[in-house]
Each structure stands twice: as structure tokens, then as C-alpha cells.
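# task: produce atomic coordinates for the following.
(chains A and B)
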2 protein chains.
Amino acid sequence: MTSLPDDPRQALMLLSSIVEPGDGELDDLLGEVGPVAAVERIWSGDVPERLGRITGATVACTPNPAGRAADLVSATEHAGARVLVPGDPDWPEQLRDLLLVCDADEPHLRPPRCLWVKGRGSLASVCRRSVAIVGARVASEYGEHLADDLAADLSEAGWTIVSGGALGIDRAAHLGAIARGGPTVSVVASGVEQPYPAANRSMFDLVVECGLLVSEWPPGASPMRHRFLTRNRVIAALAAGTVVVEAGVRSGARNTARHAAELGRVLMFTPGPVTSSHSVGVHQLAREPWEARLVTRAEEVIEDLTGIAGPMATPPPSPRRPFDSLTEIEARLVEALPRGYVVEDVRLAAAAGVPVPKAAEALEKLRSDGWVELLEGRWRLAR
Amino acid sequence: MTSLPDDPRQALMLLSSIVEPGDGELDDLLGEVGPVAAVERIWSGDVPERLGRITGATVACTPNPAGRAADLVSATEHAGARVLVPGDPDWPEQLRDLLLVCDADEPHLRPPRCLWVKGRGSLASVCRRSVAIVGARVASEYGEHLADDLAADLSEAGWTIVSGGALGIDRAAHLGAIARGGPTVSVVASGVEQPYPAANRSMFDLVVECGLLVSEWPPGASPMRHRFLTRNRVIAALAAGTVVVEAGVRSGARNTARHAAELGRVLMFTPGPVTSSHSVGVHQLAREPWEARLVTRAEEVIEDLTGIAGPMATPPPSPRRPFDSLTEIEARLVEALPRGYVVEDVRLAAAAGVPVPKAAEALEKLRSDGWVELLEGRWRLAR
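Here you go, the predicted structure:
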């Protein structure tokens, strides 16, 4: 007889290993009977036809589901990870917002049902004040520099950086946060024991040291193409806002951006030269009806996230020009004085559109301030 | 006895030479008694105190206003220019929109009362389908290249380029239009016989050959500082939309942009690197509550101006990837096949979350398309 797991958490882990996240039929079944009975129904074939087809192959080659669940528990321990399920104190409640956007056309947008987590701290606490920085894997030096800077400054201001652990912009964002000692959360599309890509292995080690590595898939899961797209909704939902730094025409970052907008999160992007193929995707984003905000600095990101233009969010100082110190009448007189000419005060007043007595008064002031000189009863600009 | 001009057009020319555009009191007087009587009132001192102060210096040194008006007529003829006043067939009616935005705080936003025009064609016709391209005088190579390109492509699509004739972005925009033989309109802040800056003289000659040089000020007027700001409202009002290409923190282009937005014209900007001081002003613009649209190409400008995504306004072609030709099931199977491994079909189906019969069918299709190979009953990715 088939041996089934009797622990709900183990049942959810098992289900996560055989049905991709966001399956509406499985979620309905879970809502109806709970995880333990759902596993029982699946192994007995007592499920809707579609769910039966999806799980059939696994059921056929897994005669001992309890054993497979136990294997997942050991693999999780072995990976140094832990499992979170909805209702746990560390479960980030904002993931429930995904329920607002998923529908029959996009069932894969449903909230995750199980998260593998590896690293420091509570996922819920770490993400309470968080912002996602995402972008193209193939990024320009400009883009990576920008992502690194933004992440570092946002970290310093107390914001957790969420990203996807990919090469390019994601990597720069994680490292920018790590460089300032800020926590960072990397949501990956493979098992947490082998985060993809392997080229980022030492970065993932730092992520685990300073923050959290997160996945909806169990240890052993490989980063299949469709999983990246599914994963993106978690990044968008975890963070209060998403900044897209660079994106080509087809970048997955645009997908994350759409989720963020649909979730009512703040969607932001950094512009780049219109001549750069690396920025084509962000510029397209700006033209979508998603009200994406253009940001150039961490201060602006914070302003958009909080609605508060803090002391960090003041525009860069504008160079003060000498003209600024003049009254309008004084400025008109100075402008009306052709460089290299001497002009009588009556003519100068007429050219400047200023009454003669006012002009005389202002010209005296301008003379004492060193703007103009009197030369045989006529005025000229001081050298 | 003082000799006064009896021709309304000459009276308006004379008034334009002594009172700056946008003076509410003069406009009220003109509305009440017309230009000829307004001149009479001014020379007899029978005007509100403020207007009296403004005109006093000129009245004092101009005993013969009719002679001065006649001089303006000769100067206009000598400059090869002509004068337009409201009601003329060539007068661009869209300038009336300025009445909607001027108020007590910003009287200088009132419509012009007289325009000096030099060049080819009817100002009203040439501006019927026009877009302004403006930006910083101190521009980057990137910005000038972009302005030139945009203007050239918009010209080719039948749009007249309006700008301010300044160095930098304005110059690049005019020259881009001229290079495609398109008409271009340069609205300057000095007399049309000596458009500012002199360094653009040969460009202004081309503007006059291909389009129109326009000024609110009579021949002899010098480009005073406040006139540039006053002039900007005319650029914004003439064109259906304004594109700001580059702007520093203090660029006058932002002033034109604000006018365009307040006039209900389409306001657009081209982004640049956030690290470029030349783009700081446009990026600030994007964050103002003016609904400025980000544009990267002429097609997008046209889309924003017309609301029509024409054949020119399609996104750049995205590189077609082989994956696009696969069904979802096929793509899942290919993704689930680790490179360099061979896998049995039951395991592969489970890994891909695809029912076994479907997987078998899809794998046969993938084999015939050259994606996968059968090796001793197991599958691997084709090299």
C-alpha cells in the first residue's frame, strides 16, 4: 500500500515538487481538503482530469510519496535551508496580493504555496521595507554601475534590495546592497542549494550571509525557462516597488514590471541613452499605460515609494549665476547695454522699457555693485 | 504738434517697439480703443500710471511717433521681412490659446500682438502640422545627434520643426529639418534682421530659404535676457507638441516645456544617461506632474501627437529566437533536458510537468525538427 506523508508542511513540499506554482486546480483542492488529503487524492487519481494528467507521470514513477517527502526534508536540511508556508510568522503576507491579479487567463500569477529560504533573518521582516531592482542579464557598464549605486544608496537608507540573482543588473544590485552591509533577498528559479547561474555562486554565498535566498522550488529543481517568468511575480509582490534598470526588447524584467504595476506596487525605471539597445525595454516601459516613474537617484526612488520628498530627495544644487542677484529692472538695464558700447541713460531706459527715474536709480546701484561704468556721462558695461 | 501713425498695422508695430509683449494693460487698451487710438493715448499721457511709466522714456525721446513708425516700416522692408497681425490670413490662430493660460500672475503669457516674419510660405500653413524641438544651448554630442535625427525623420514625415535658433539642440533640430528639405520655423528673441546668436548666421540664412524666421520684436531689437523667456511661449503655442531633447538644471527649455503642458500641447522628452548633466533637466521634467511622454524616435513623437501608432510607430523588430517556434509543452521538455545528459522519457515528462503521452508526442516532433536526439532509448539535446 502507498505510504503518504501525514504532515501538512511535508505534503506542501511534496506538492511543490510535482505541480508548478500557480496551478488553480491544485490551489482549489488545497483550499477544499488541505495538503495531506490533496496528496492522497492525487496519488489515488481522484482529481480533475487536467490535474491528473499533470501529476500522472510523477505518480507513476513515485510509488512511495512519504519517502519522497522525507527525502525533500533531508535535502532541505542538507542545503541549510528551511521551508515557509502561508500562516508561518515569517511568511510575507504581501504575497496574498497576488490573489488580486491572478485570473483564469493567468493562473500562474497565484501566490506561492511554499517557499524554501536560506540565510539570515525573517523573510517577512527583511522585506517589510524593500524595493526590487531588476534588469537585463546582458547589461551595459552604465547599467551595472547605476544598479550598484542605487542599491548601495537605498541600502544605506534602510531599504532591502530584492532581485533575481541573475547576471548583469540583478547581480550588480545584490552586490551594491551587500557592499553597504544591507540585507538583500535573491528570489531564484531553481533549488536554493544550486542557485542559478553557477557563475554567481560566490555572490549567492554573500546573499546567504547578509540576507536571504528564496525559491518556490525544492532542492534539486532546475531553472527551467518558464520558471523564471513564474518567479518574477514573487519579486514584484515581495517589494513595495520595482525599479527596472536596463532591459532589452525582450527582457524578463519587463514581465516583472508588469506584475508590479498590476499589483499596485510602485513601478520605476532608470532611463539611458536612446541609442543604447540595453535601454530599449525601459523606454518602452515608460510608454506603457502603467504609470512607470522615471528615477535617476535613490532619493527619487524613496520619494516615489513613500510619497515623501525627504532631505535626500532634493534636486541637485543649481549653479548660482550673478544675474540672480539683480532685480528685474537692473537685469533689463544690463541686458539692454550692448557690450562694447556707451549709451545715454534716456536711450538705455527706453531700450530696457524702464522709466527714466527708475533707470537712473538702478544704474547708480549697478555702478556701485561693479556691473556698469559711467564714461563721460554715458553708461557702459564694466569689463 | 505730434504726428501719429494712422494705420493700425503701423500703430501695432510702433507699440511692439516700446512695450514688451504680454503687457495686460496695453492689451486691454488695444481691445478698448484699437491700436491707432492706443498710440494717441500713450503719447498724450492718457494711460494708466504703470503703462505711463513704462512708455514714458520712449515718449520723451520720440517727438515724432509717425516718423518712428515709418522708420519701422522701412527697416522691416530693408530686412526683407513682413509683419503679421491678428486677423491676417497667415496669422496662426493657435496663438490665441495663450489667452487660456495667462493670468494676473503671468501677464507675459498673453498672445503676441504683432509678428515680424522673414522667409517662405504662410506661417499659419507651415505651422499647421508642426512640432517644437528645443533643448539646451550647451548640449552633448549625443543630444545634438538625437535632435538632428528626430528633426530629420519628423520632417520627412511631413512635420514642420519649430525651434528657437539657439546653439546646441535648437541648431541641430533646425539643421536636421533643413537637411531633409523640410520647412522649419525659428522663433527668435531679437529683430529678424540680426537673429541671435550671430554664430548661427548661415543657419538662419538656410531657415529663411526653407522656412520662416519669426520675431515679436521689430528690427533693431536686441536679444535681452527676459525676451528669451517671453519668446518661449510662442514656440510652445505654435506647435502641436514640444520635445525637449537635453536640458540642464536651469535650461530655458524647461520653461518652454511648462508652457506647452499648460497650453494642453503634447509634452515629450528624450531621456539620456542619468550620469549626464545634460539630461538632468529632462529627467526632472519627467517627474513633474505634467504628463511628459518619453520618446526615443520620430515614430513615437508622431504617435503621441496624433494618437495613431502608424506604420512608422511600430516597436523595433525583436530578434526572433528559435524558442518562439515551440509550443509550451515542447519548450518545457527542451528546458527540462539538462545539456549533456540523456534522460528517459518518463523522467523527462515528470521533470517538465507534462503527461507522458503528450511528452512522447512532443518529443517525436522535437526530434524531427532537430531539437533532440534519441540515444539508446533515452533523450538528449541535439548538438
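# going along the chain, name the strands of the stretch 201-350 of chain A.
A:212-215, A:241-244, A:266-269, A:293-294 (DSSP state E, counting those that start in this stretch).
# looking at these, which is nearest to chain B?
strand A:293-294 (3.9 Å; Cβ to the nearest Cβ). All C-beta atoms are positioned from the backbone trio N, CA, C, and that covers glycine.
# which outside residues touch the closest one?
A:266-271, A:286, A:300, A:304, B:271, B:283, B:286-287, B:294 (Cβ atoms under 8 Å, 6 or more residues apart in numbering or on different chains).
# how about TSV for those residues, with distance to A:Glu335, neighbour count and pLDDT added?
Output for these, formatted as TSV (distance: Cβ to Cβ, whole Å; neighbours: other Cβ atoms under 10 Å in any protein chain shown; pLDDT from 0 to 100):
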residue	distance to A:Glu335	neighbour count	pLDDT
A:Val266	45	21	96
A:Leu267	45	26	97
A:Met268	41	26	98
A:Phe269	41	29	98
A:Thr270	39	29	98
A:Pro271	35	27	98
A:Ala286	39	21	95
A:Glu300	35	24	96
A:Asp304	40	22	95
B:Pro271	33	27	98
B:His283	30	23	97
B:Ala286	32	21	95
B:Arg287	32	16	94
B:Leu294	35	25	98
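# in TSV: those residues, plus distance to B:Ile169.
Below are these laid out as TSV (distance: Cβ to Cβ, whole Å):
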residue	distance to B:Ile169
A:Val266	32
A:Leu267	29
A:Met268	27
A:Phe269	23
A:Thr270	22
A:Pro271	17
A:Ala286	20
A:Glu300	24
A:Asp304	28
B:Pro271	14
B:His283	15
B:Ala286	17
B:Arg287	20
B:Leu294	17
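# give the burial count for A:Glu156, as a bare number.
A count of nearby residues for A:Glu156, using other Cβ atoms under 10 Å in any protein chain shown, gives 16.
# equivalent analysis for A:Ala81, please.
Neighbour tally, A:Ala81, other Cβ under 10 Å: 23.
# A:Glu376 too?
Around A:Glu376 there are 5 other residues, counting by other Cβ under 10 Å.
# got a pLDDT number for it?
We have a pLDDT of 73 for A:Glu376.
# one more: A:Pro317?
With respect to pLDDT, A:Pro317 scores 45.
# please apply the same query to the one 5 residues further on.
Per-residue pLDDT puts A:Pro322 at 60.
# and if you look at A:Gly340?
At A:Gly340, the pLDDT value in this model is 58.
# residues contacting A:Gly121?
A:Gly121 touches A:183, A:211-212, counting by Cβ under 8 Å, 6+ apart.
# hmm, I typed the wrong one, I wanted A:Asn200.
A:165-167, A:171.
# that's a helix at it, yeah?
Yes. According to DSSP: H, G, I helix; E, B strand; the rest coil, A:Asn200 belongs to a helix.
# and it, what's its pLDDT?
96.
# check A:Trp116 too.
Taking A:Trp116 on its own, its pLDDT is 98.
# returning to that earlier point: including pLDDT and neighbour count, could the contacts of A:Gly121 go into TSV?
Output for those, formatted as TSV (pLDDT from 0 to 100; neighbours: other Cβ atoms under 10 Å in any protein chain shown):
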residue	pLDDT	neighbour count
A:Pro183	94	22
A:Gly211	96	25
A:Leu212	98	26
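# in the contacts of A:Asn200, find the pair that's most separated.
The largest separation in those, counting by Cβ to Cβ, is between A:Gly165 and A:Leu167 at 8.9 Å.
# who has more neighbours out of the two?
Using other Cβ under 10 Å, the more surrounded residue of A:Gly165 and A:Leu167 is A:Gly165, with 27 against 17.
# wait, the more buried one touches A:Leu175, no?
No. Contact between A:Gly165 and A:Leu175 fails when scored by Cβ atoms under 8 Å: they sit 11.0 Å apart.
# common neighbours of these two, please.
Here A:Gly165 and A:Leu175 have A:Met203 as joint contacts, going by Cβ under 8 Å, 6+ apart.
# now the contacts of A:Asn200 in a markdown table, with pLDDT, distance to chain B and secondary structure?
Below are those laid out as a markdown table (pLDDT from 0 to 100; distance: Cβ to the nearest Cβ, whole Å; DSSP: H, G, I helix; E, B strand; the rest coil):
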| residue | pLDDT | distance to chain B | secondary structure |
| --- | --- | --- | --- |
| A:Gly165 | 97 | 18 | coil |
| A:Ala166 | 96 | 16 | coil |
| A:Leu167 | 96 | 17 | coil |
| A:Arg171 | 98 | 19 | helix |
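# ok, these vs A:Arg113, which is closest?
Using Cβ to Cβ, those come closest to A:Arg113 at A:Gly165, 21.4 Å.
# backbone phi and psi for the residue nearest to the closest one when sequence neighbours are not counted, please?
In this structure, A:Gly165 finds its nearest non-sequential neighbour in A:Ser186, 4.0 Å apart by Cβ to Cβ, 6 or more residues apart in numbering or on different chains. With angles defined as degrees, to the nearest 10, A:Ser186 sits at phi -110, psi 110.
# what about A:Ser186, how many residues close to it?
Number of residues near A:Ser186 (other Cβ under 10 Å) recorded here: 30.
# residues contacting the residue in chain A positioned nearest to chain B?
Residue nearest to chain B within chain A: A:Pro271 (3.1 Å; Cβ to the nearest Cβ). Neighbour list for A:Pro271: A:279, A:282-283, A:286, A:294, A:296, B:271-274, B:279, B:283, B:286, B:294 [criterion: Cβ under 8 Å, 6+ apart].
# wait, A:Ile18 touches A:Thr55, no?
Yes. Using Cβ under 8 Å, A:Ile18 makes contact with A:Thr55 at a distance of 5.6 Å.
# show me the domain layout of chain A.
Domain segmentation of chain A under automatic domain parsing yields A:8-70, A:93-313, A:322-381.
# for stretch A:51-68, buried residues please.
A:51-59, A:62, A:65-66, A:68 (16 or more other Cβ atoms under 10 Å in any protein chain shown).
# just to revisit the earlier point, so which of the contacts of A:Pro271 sit within helices?
If you go by DSSP state H, the contacts of A:Pro271 have A:282-283, A:286, B:283, B:286 in helices.
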